[in-house]
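Q: Sequence first, then the predicted structure, then my questions.
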Amino acid sequence: MPRLIVLPHAEACPRGAEIEARAGELLCDVLLEHGVEIEHACGKSCACSTCHVIVRSGLESLEPAAELEEDLLDQAWGLTPQSRLSCQVRIAERDLVVELPRYSVNLAREHEVRRDA
């Protein structure tokens, strides 16, 4: 079984996590099932970029991003060449190391609104 290693994130996963996953599962589902509170504002329908993750290791084992995912990633906060939408990533047979960005688009907007209020 592939391992999913989540790097520490101050709010969503302070200690990081190591999860055994099954190949074929959606990355977003696995994260949520194991208590990693990743945002997924569109209900995992590839209509936003709130479930953005950065795949630090194992990216080459994943299917390439479809054009729609690539278009939505352009809206993601902290975009990198290793960025993916976790609602579109099916876990393969290799281990993955993922990092949750500091903010999602929703959180960045909430912080802007709070400062302006």
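A: Yep, it's here.
Q: Pull the residues that contact the longest strand along the chain.
A: Criterion DSSP state E: the longest strand present in the chain is strand 52-57. Strand 52-57 is contacted by residues 5, 7, 27, 38, 62, 73, 76-80, 82-86, 89, 95-101, 104-105 when judged by CB atoms under 8 Å, 6 or more residues apart in numbering. Quick note: C-beta positions are derived from backbone N, CA and C, even for glycine.
Q: again with stretch 74-90
A: 23-28, 31, 38, 40, 42, 44-46, 48-49, 51-56, 59, 62-63, 65-66, 69, 72-73, 98, 101-105, 107-108.
Q: give me that answer again for 7 Å
A: 24, 26-28, 31, 38, 40, 44, 46, 49, 51-56, 59, 62-63, 65, 69, 72-73, 101-105, 108 (CB atoms under 7 Å, 6 or more residues apart in numbering).
Q: burial of the nearest residue to Glu20 once chain neighbours are set aside, as a residue count?
A: Nearest non-adjacent residue to Glu20, counting by CB to CB, 6 or more residues apart in numbering: Met1, 4.8 Å away. Neighbourhood size, Met1 [other CB atoms under 10 Å]: 11.
Q: Return the helix or strand in the protein with minimum mean pLDDT.
A: helix 105-116 (a mean of 45; mean pLDDT, DSSP states H and E).
Q: List the buried residues in stretch 41-56.
A: In terms of neighbour count (16 or more other CB atoms under 10 Å), stretch 41-56 has its buried residues at Lys44, Cys46, Cys48, Ser49, Thr50, Cys51, His52, Val53, Ile54, Val55.
Q: Ok, stretch 90-104 next?
A: Within stretch 90-104, the residues scored as buried using 16+ other CB under 10 Å are Ile91, Ala92, Asp95, Leu96, Val97, Val98, Glu99, Leu100, Pro101, Tyr103, Ser104.
Q: Could you pull up the mean pLDDT of that stretch?
A: In this model, stretch 90-104 has an average pLDDT of 93.
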